[in-house]
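>>> no FASTA, just this:
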């Protein structure tokens, strides 16, 4: 039973990693459509498309004049990137316990803890974005939803890894 749960934990963690990477990379955290104009904002840039012409502006220290906004943006970026790194570490740990270090079943708990921590970082990034950075005129978009799916999947993967250890008969 532990082997099946280990494979499921790796798969769910991979799903969380995929969605966390997409959430970090895409410019679709918020969007606004007015007539023929569409504006999308992500963690790294904001893009405006008007009559087929698309202009993107990097969100770096030169383009963000407000220090508080830049600080909050960096906090969201950092927590989402930490979520990505911890999700990847959970997958590596899960693979290690399944295929390389088969006798060290406690690594299931390590993989579960890494996944739960990844979910926590992804959730904090989303919460800071909602509290500090959201624009009331814009709607949440796909990458924001991907971040939510990623942290829920990371928590589920963590629970599955922990269950794999508890179901182990050794």
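Sure, I can see it. Keep in mind it's a predicted model, so treat the numbers as computed, not measured.
>>> in the helix of greatest length in the chain, what counts as buried?
Scanning the chain for the longest helix, with DSSP state H as the assignment, gives helix 67-95. Buried positions in helix 67-95, judged by neighbour count with 16 or more other C-beta atoms under 10 Å: 72-73, 75-77, 79-91, 93-95. In short, each C-beta sits where N, CA and C put it, glycine included.
>>> which SSE is the most centrally placed residue in the chain in?
Note on the chain: the residue nearest the mean C-alpha position is residue 20, at 2.8 Å, using C-alpha atoms, centre = their mean. Assigned by DSSP states H and E, residue 20 belongs to helix 2-25.
>>> return the helix or strand in the protein with minimum mean pLDDT.
Within the chain, no helix or strand scores below strand 139-140, which has a mean of 84 by mean pLDDT, DSSP states H and E.
>>> next one: residue 132 from residue 48, what distance?
Separation of residue 132 from residue 48 (C-beta to C-beta, to the nearest Å) stands at 22 Å.
>>> equivalent analysis for residue 126, please.
Using C-beta to C-beta, we find residue 126 at a distance of 24 Å from residue 48.
>>> cool, residue 122 as well?
Between residue 122 and residue 48 the computed distance is 27 Å (C-beta to C-beta).
>>> more neighbours: these two, which one.
Set side by side, residue 122 and residue 48 show more neighbours around residue 122, with 32 against 15, by other C-beta atoms under 10 Å.
>>> so what's that one up against?
Counting by C-beta atoms under 8 Å, 6 or more residues apart in numbering, residue 122 makes contact with 20, 23, 79, 80, 83, 147, 150, 151, 154.
>>> ok so, going back, what number of residues lie near the spatially closest residue to the residue nearest to the centre of the chain that is not a sequence neighbour?
Spatial nearest neighbour of residue 20, excluding adjacent residues (C-beta to C-beta, 6 or more residues apart in numbering): residue 150 at 4.0 Å. Burial of residue 150 is recorded as 30 neighbouring residues (other C-beta under 10 Å).
>>> where does residue 150 sit, in terms of helix or strand?
helix 142-166.
>>> so for that helix, what gets flagged as buried?
Buried residues in helix 142-166, counting neighbours by 16+ other C-beta under 10 Å, are found at 143-144, 146-147, 149-165.
>>> repeat for stretch 51-61
Buried, per 16+ other C-beta under 10 Å, within stretch 51-61: residue 59.
>>> which residues of this structure score low on pLDDT?
The model of the chain has pLDDT under 70 over residues 1-2, 61, 63, 65, 169-170.
>>> hang on, residue 38 in a helix?
No - counting by DSSP: H, G, I helix; E, B strand; the rest coil, residue 38 is not part of a helix but strand.
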